[in-house]
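>>> Next come a sequence and a model predicted from it.
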Amino acid sequence: QLQLAESGGGLVQPGGSLRLSCTASGASFDDIHIGWFRQAPGKEREAVSCISSSSTVTTYNRAVKGRFTISRNNFRNTVYLQMDNLKPEDTAVYYCARRSGCNIGPFRPADYSDWGQGTQVTVSM
């Protein structure tokens, strides 16, 4: 069974950067699309980004496009989310999950599975 573990979160000032990692174990990783979503306190879950199994397709929501970059290293069973020029509104718990496809739209729980415990990202002075 696929298990995903997020790491790399922390406290950063506005304008700063973080790189999140999503490491997989327990099942084949090379043929799986991986997406990131986030949830801020009191808010609905929000799709952030997605990368296809072969890295040929990457998608981003409008709020992060141009600031976040998703990538993967299938030899290391890891997907990365490089987050630059962070804003206070990026504060949330970030999760990675298996995706059936890499479209970006309103978060639909049925599109995501096997997410981990999440990693907290806080953007504040």
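Okay, I see it. Computed from a predicted model, the values in this text were never measured in an experiment.
>>> Show me what secondary structure element comes after the helix or strand of the chain with the lowest mean pLDDT.
Least confident element among the helices and strands of the chain, by mean pLDDT, DSSP states H and E: strand 112-113 (a mean of 93). As assigned by DSSP states H and E, the chain's next helix or strand after strand 112-113 is strand 119-123.
>>> Go ahead and name everything in contact with that following strand.
Contact with strand 119-123 is made by 6-14, 16, 18, 20, 38, 83, 86-94, as judged by CB atoms under 8 Å, 6 or more residues apart in numbering. The C-beta positions use only the backbone N, C-alpha and C, and glycine is treated the same way.
>>> Just the buried ones among those, please.
6, 8-9, 12, 18, 20, 38, 83, 86, 90-94 (16 or more other CB atoms under 10 Å).
>>> Show the contacting residues for the closest residue to residue 119 other than its chain neighbours.
When the adjacent residues along the chain are set aside, residue 119 lies closest to residue 9, with 3.4 Å between them (CB to CB, 6 or more residues apart in numbering). In this structure, residue 9 makes contact with 18, 20, 93, 94, 119, 120, 121, 122, judged by CB under 8 Å, 6+ apart.
>>> Take those and write them to TSV, including distance to residue 66.
As requested, these are exported to TSV (distance: CB to CB, whole Å):
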residue	distance to residue 66
18	16
20	17
93	23
94	18
119	22
120	23
121	18
122	22
